[in-house]
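**Student:** Pasting a predicted model and its sequence here:
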Amino acid sequence: MKGLHIQGLSHSYGDNKVLDNAGLIVPAGELVCMLGPSGCGKSTLLRLAAGLEKVQHGKIIIDDVTVGSADVHLPPEKRHIGLMFQDYALFPHLNVIDNVTFGLLDMAPDKARLLAMDMLTQVGMAAQSDKFPHMLSGGQQQRVALARALAPEPKLLLLDEPFSGLDTNLRETIREETLSVLKNSGVATLMVTHDPEEAMFMADRIKIIGANGHILQAGRPHEIYYHPTHEFVARLFGMMNRFEGVAADGQVETPLGAVATDLADGTPAEVLIRPEGVILGTSDNNQGTTVEVTSSHLMGHDNIVRVRLGNGEGEDLHVRVHHTFEAELKESFSCRLDHEYAFVFPLDAESEYTNTELMDAPTSEEISAAGE
Ligand SMILES: Nc1ncnc2c1ncn2[C@@H]1O[C@H](COP(=O)(O)OP(=O)(O)O)[C@@H](O)[C@H]1O
Ligand SMILES: [Mg+2]
């Protein structure tokens with residue numbers, strides 16, 4: 001298959017077992033994000049794929065060639081990979097163009113220069129080709145780093161939190177540009193991030209690694225957002241409204257109505273509802289539960305309105321509404337659920353978590369996308 005295939009990778013630093021039987025596929029042309037808290041082994045996996053660390057157990061295969069295993073260790077420069085790490089800075093003593101041609105030493109110098117200029121044009125840095133890194137902003141340096149990583153036409157690009165050093169506005173611009181350059185190049189990309197929005201924005205597929213280092217869910221961004229299989233995953237994307245209840249007849253009751261579940265009758269459960277899953281309407285049509293506005297916060301495109309249930313019970317609900325929606329303090333609304341944004345999880349989920357693999361095995365969809 002084209003792309004990256006990691007099989008049964010285990011890795012320890014002394015007694016600290018960081019990866020345990022990790023498996024992962026990144027098909028050519030796809031961008032896969034590993035999303036997880038710090039310390040869960042993301043960088044270790046990337047360094048192993050890059051060849052910066054030797055494989056103890058398992059296999060790393062790039063475009064059908066085993067580049068790392070207990071017996072094989074191809075050095076990074078022989079793996080046809082591009083690297084962009086948070087701390088993988090440009091060479092300070094080389095100007096922009098020389099930074100980009102650095103990985104093209106096998107090529108005739110004038111051809112390398114042409115190719116490097118082409119890459120710099122793609123990332124919008126051609127005009128700065130003779131500047132030195134210290135003369136560039138963080139965003140410009142990052143663009144050059146991307147050009148340098150892609151110039152040798154790698155089979156695989158490995159990105160470790162590449163945008164975390166940039167401030168918010170710049171980060172959004174750069175990641176959008178990066179994504180379009182990557183999609184043009186068709187390279188297989190494995191990116192690590194701890195920013196859920198970044199993963200949603202960039203990824204074809206997301207692998208979510210939980211606090212305990214185990215993969216909790218893998219899927220396309222849409223699946224992760226609309227069908228979270230764990231509470232941890234549901235909560236990644238901001239505040240949630242929460243009710244407790246007990247499963248009965250395939251549903252759990254909440255003050256906003258019943259939510260379907262396949263939990264067994266009698267299972268204590270929690271219902272999590274995204275702020276956009278609470279729908280406010282005029283209270284005179286008398287559908288749904290009555291709520292009263294306790295505050296309203298303009299967030300830009302959306303407002304977050306806090307409302308209290310009519311009977312005064314429980315915590316205020318967070319409701320996401322369009323910024324043109326006017327909600328006065330103490331105003332009453334009827335309130336109902338959009339079931340697409342309501343999720344039920346067992347209250348005692350311990351047993352569920354302990355059975356997960358550290359990293360998941362590739363799905364059949366991924367394997368077929370990889371053309372295996
Ligand atoms: N070179 C190293 N030597 C010893 N321990 C390490 C080394 N690199 C990482 N670790 C440990 O391995 C664990 C995973 O680290 P890392 O892969 O960097 O996680 P992440 O990138 O997800 O934050 C951490 O507990 C970290 O302290
Ligand atoms: Mg890391």
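**Tutor:** Received the coordinates, thanks. Ligands and ions are numbered 1, 2, ... in the order given.

**Student:** how near is the closest residue to ligand 1 within the stretch 201-350 of the chain to residue 39?
**Tutor:** In the stretch 201-350 of the chain, no residue comes nearer to ligand 1 than residue 209, which is 7.5 Å away by C-beta to the nearest ligand atom. To be clear about C-beta, it is placed using only N, CA and C from the backbone, and glycine gets the same treatment. According to C-beta to C-beta, to the nearest Å, residue 209 and residue 39 sit 10 Å apart.

**Student:** Mean pLDDT per helix and strand in this protein: which one sits at the bottom?
**Tutor:** Sorted by mean pLDDT, DSSP states H and E, the helices and strands of the chain end with helix 350-354, the least confident at a mean of 46.

**Student:** which one is the residue of the stretch 201-350 of the chain closest to ligand 1 nearest to, not counting chain neighbours?
**Tutor:** residue 36 (3.0 Å; C-beta to C-beta, 6 or more residues apart in numbering).

**Student:** Next one: the one you found relative to ligand 1, how far apart?
**Tutor:** Using C-beta to the nearest ligand atom, to the nearest Å, one gets 6 Å for the distance from residue 36 to ligand 1.

**Student:** Run a quick neighbour tally on that residue.
**Tutor:** Residue 36 has 23 neighbours, counted by other C-beta atoms under 10 Å.

**Student:** in the stretch 101-250 of the chain, which spans are strands?
**Tutor:** Here the stretch 101-250 of the chain has its strands, by DSSP state E, counting those that start in this stretch, at 156-160, 188-193, 205-209, 215-219, 241-246.

**Student:** could those go into TSV alongside mean pLDDT and mean neighbour count?
**Tutor:** As requested, those are exported to TSV (pLDDT from 0 to 100; neighbours: other C-beta atoms under 10 Å):
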stretch	mean pLDDT	mean neighbour count
strand 156-160	95	25
strand 188-193	95	27
strand 205-209	93	25
strand 215-219	89	22
strand 241-246	96	17
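
**Student:** residues contacting the residue nearest to residue 196 when sequence neighbours are not counted?
**Tutor:** Closest residue to residue 196 apart from its sequence neighbours, by C-beta to C-beta, 6+ apart: residue 236 at 4.4 Å. By C-beta atoms under 8 Å, 6 or more residues apart in numbering, the contact list for residue 236 reads 35, 196, 208, 228.

**Student:** number of nearby residues for the first one?
**Tutor:** In other words, residue 35. 25.

**Student:** Equivalent analysis for the last one, please.
**Tutor:** Other residues near residue 228 number 22, with proximity taken as other C-beta under 10 Å.

**Student:** okay but it is in contact with residue 218, surely?
**Tutor:** No. Assessed by C-beta atoms under 8 Å, residue 228 is found out of contact with residue 218, at 12.0 Å.

**Student:** Residue 175 versus residue 64, what's the distance?
**Tutor:** From residue 64 across to residue 175, the span is 30 Å (C-beta to C-beta).

**Student:** Show me what the biggest helix by length in the chain is packed against.
**Tutor:** Looking across the chain with DSSP state H, the single longest helix is helix 168-185. Where contact means 3 or more C-beta pairs under 8 Å, 6 or more residues apart in numbering; DSSP states H and E, helix 168-185 is packed against strand 31-35, helix 138-150, helix 196-202.
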